[in-house]
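A.B. asks: Need coordinates for the following:
(one chain, ligands or ions: 2)
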Amino acid sequence: MQNIMVTGGAGFIGSEFARSMVEKYPNYKIVVFDKLTYAGNLDNLLPISDNPNYAFVRGDITDHDAVERALTEHQIDTIVNFAAESHVDRSILNPDAFIQTDVVGVYVLLESARKLGVNRFHHVSTDEVYGSIPDGFFREGDPLEPNSPYAASKTGGEMMVRAYNVTYGMHTSVTRASNTFGPYQYPEKIAPFFITEALDDRPLPLYGDGMQVRDWLYVGDHCDAIDTVLHKGAPGSIYNIAGEHEMHNIDLTHFILQALDKPETLIRHVADRPGHDRRYALNNDKIREELGWSQKHTFEEAMAATVEWYKKNEWWWRKIKTGEYLEFYKAQYAERLETTE
Ligand code: NAD
Ligand code: TYD
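C.D. replies: Ligands and ions are numbered 1, 2, ... in the order given. Modelled structure (predicted):
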């Protein structure tokens, strides 16, 4: 392994992975390949932009020619795929881009890799492929029952990865991780959205009763686990990555408000998300026992540091919260906030 193409590396988790891999492995070349959609942001890669073992290519993973050109030019031997449309609410408003990137795009990457003899392919997936679980924890062999267009498209992509392992013998691996938080997360997901809205004393639209449960994983731990699977994962393997920190959405909201010293009167219960998964929960035994991975951060310490990062880095998020962002905000929240439950 020497030349790694990190697709979707200008997004939240992919950029953390690129930043950490460039520092950790000076003998690897890290090539970020990203379309720069609304969620892709070169500011996320500024800390490594002058690094000699880093390169950026703007391209779309659904474009065979662009993918093959990048693989050839940079003599890529390994692909780590983060590229995706990643937000459930957007998939409810318009599923089309999700099918294109999360299903067709994964196929194009796999097929280009096969054609050019790139044999190591790691795919970043999500706990949402399992669907909702009222109690207990999903294990890697459990059936997949995705509920949103986002989750269904991620499941479709995963199935193509499986087929390329079984049919063509490609050394693939897949990780399915919990809800991830940290610096540089686009402020549409609950944590950065609520932190930045609260900083401006604006209302926080909490869906339904706020009693849905998510398991929270720090982005540094998520990327460390992917690195572990990339180096130690057997061909065709699948690993859950859990944060082992379940919270009701209402409690997460309280944590954020307390960290910012903002009043609870900012919370608004609004109409629920259609098809809203009640609880996600993963069992972490396989990655712990087989690969010896464990988390290095506690939720409290990492979320407090994350809140602090958004407080100190308004330069990063203020310019995002304009233009296209406000259009999405209007489509998503304006009416809901007027009809507060
Ligand atoms: P993100 O939305 O922040 O970033 C996605 C990146 O992919 C962006 O840089 C975007 O420009 C790029 N991209 C989108 N379409 C593309 C295309 N067609 N070609 C090339 N690049 C394209 O997403 P994220 O939160 O960093 O998630 C990264 C991956 O991790 C996704 O595959 C997601 O499904 C998975 N995941 C996310 C979470 C989470 O909580 N955020 C949890 C588990 C798994
Ligand atoms: P989100 O960050 O969109 O991640 P996911 O849907 O992938 O879990 O949402 C996390 C939880 O927070 C989910 O239960 C929906 C809820 N939520 C709200 O209550 N209000 C919001 O404005 C957002 C964005 C999410």
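
A.B. asks: So which bits of the longest helix along the chain are buried?
C.D. replies: Ranked by residue count under DSSP state H, the longest helix found in the chain is helix 149-168. Within helix 149-168, the residues that qualify as buried are 149-158, 160-161, 164-165, counting by 16 or more other C-beta atoms under 10 Å. For every residue, glycine as well, the C-beta is placed using N, CA and C.

A.B. asks: now stretch 291-301
C.D. replies: Residues of stretch 291-301 classed as buried: 291, 293, 295, 297, 299 (neighbour count, 16+ other C-beta under 10 Å).

A.B. asks: Dump the buried residues of helix 149-168 to a markdown table, plus pLDDT.
C.D. replies: Conversion of the buried residues of helix 149-168 to a markdown table gives the following (pLDDT from 0 to 100):
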| residue | pLDDT |
| --- | --- |
| Pro149 | 98 |
| Tyr150 | 98 |
| Ala151 | 98 |
| Ala152 | 98 |
| Ser153 | 98 |
| Lys154 | 98 |
| Thr155 | 98 |
| Gly156 | 98 |
| Gly157 | 98 |
| Glu158 | 98 |
| Met160 | 98 |
| Val161 | 98 |
| Tyr164 | 98 |
| Asn165 | 98 |
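
A.B. asks: Nearest to ligand 1, out of these: which one, please.
C.D. replies: Lys154 (5.5 Å; C-beta to the nearest ligand atom).

A.B. asks: which residues of the protein fall in strands?
C.D. replies: With DSSP state E as the criterion, the chain has strands at 3-7, 29-34, 54-58, 78-81, 120-126, 171-177, 179-181, 204-207, 213-218, 237-241, 246-248, 267-270.

A.B. asks: The fifth one vs ligand 2: in contact?
C.D. replies: No: against ligand 2, strand 120-126 shows no contacts by C-beta under 6 Å from any ligand atom, the least distance being 7.4 Å.

A.B. asks: can you give me the angle that strand makes with strand 3-7?
C.D. replies: Per axes from the mean of the first three to the mean of the last three C-alpha atoms, to 10 degrees, the angle that strand 120-126 makes with strand 3-7 is 30 degrees.

A.B. asks: tell me how far strand 120-126 is from the chain's mean position?
C.D. replies: Counting by C-alpha atoms, centre = their mean, to the nearest Å, strand 120-126 is centred 11 Å from the centre of its parent chain.

A.B. asks: Let me see the mean pLDDT of that strand.
C.D. replies: Summarised as a single mean, pLDDT over strand 120-126 is 98.

A.B. asks: what does this structure put close to ligand 2?
C.D. replies: Residues of the chain lying close to ligand 2 by C-beta under 6 Å from any ligand atom are 88, 179, 189-190, 193, 205-207, 212, 214, 249, 273.

A.B. asks: Taking these, tell me the two that lie furthest apart.
C.D. replies: The widest separation within the residues of the chain next to ligand 2, taken as C-beta to C-beta, falls between Asn179 and Pro205 and amounts to 17.4 Å.

A.B. asks: Tell me how far His122 lies from Gly14.
C.D. replies: 12 Å (C-beta to C-beta, to the nearest Å).

A.B. asks: Of these two, give the one with the bigger neighbour count.
C.D. replies: The residue with more neighbours, out of His122 and Gly14, is Gly14; 28 against 23, by other C-beta atoms under 10 Å.

A.B. asks: Who are the contact partners of the closest residue in space to the more buried one that isn't next to it in sequence?
C.D. replies: Distances taken as C-beta to C-beta, 6 or more residues apart in numbering place Phe82 nearest to Gly14, at 3.4 Å, with adjacent residues excluded. Listed by C-beta atoms under 8 Å, 6 or more residues apart in numbering, the contact partners of Phe82 are 6-9, 11, 13-14, 17, 124.
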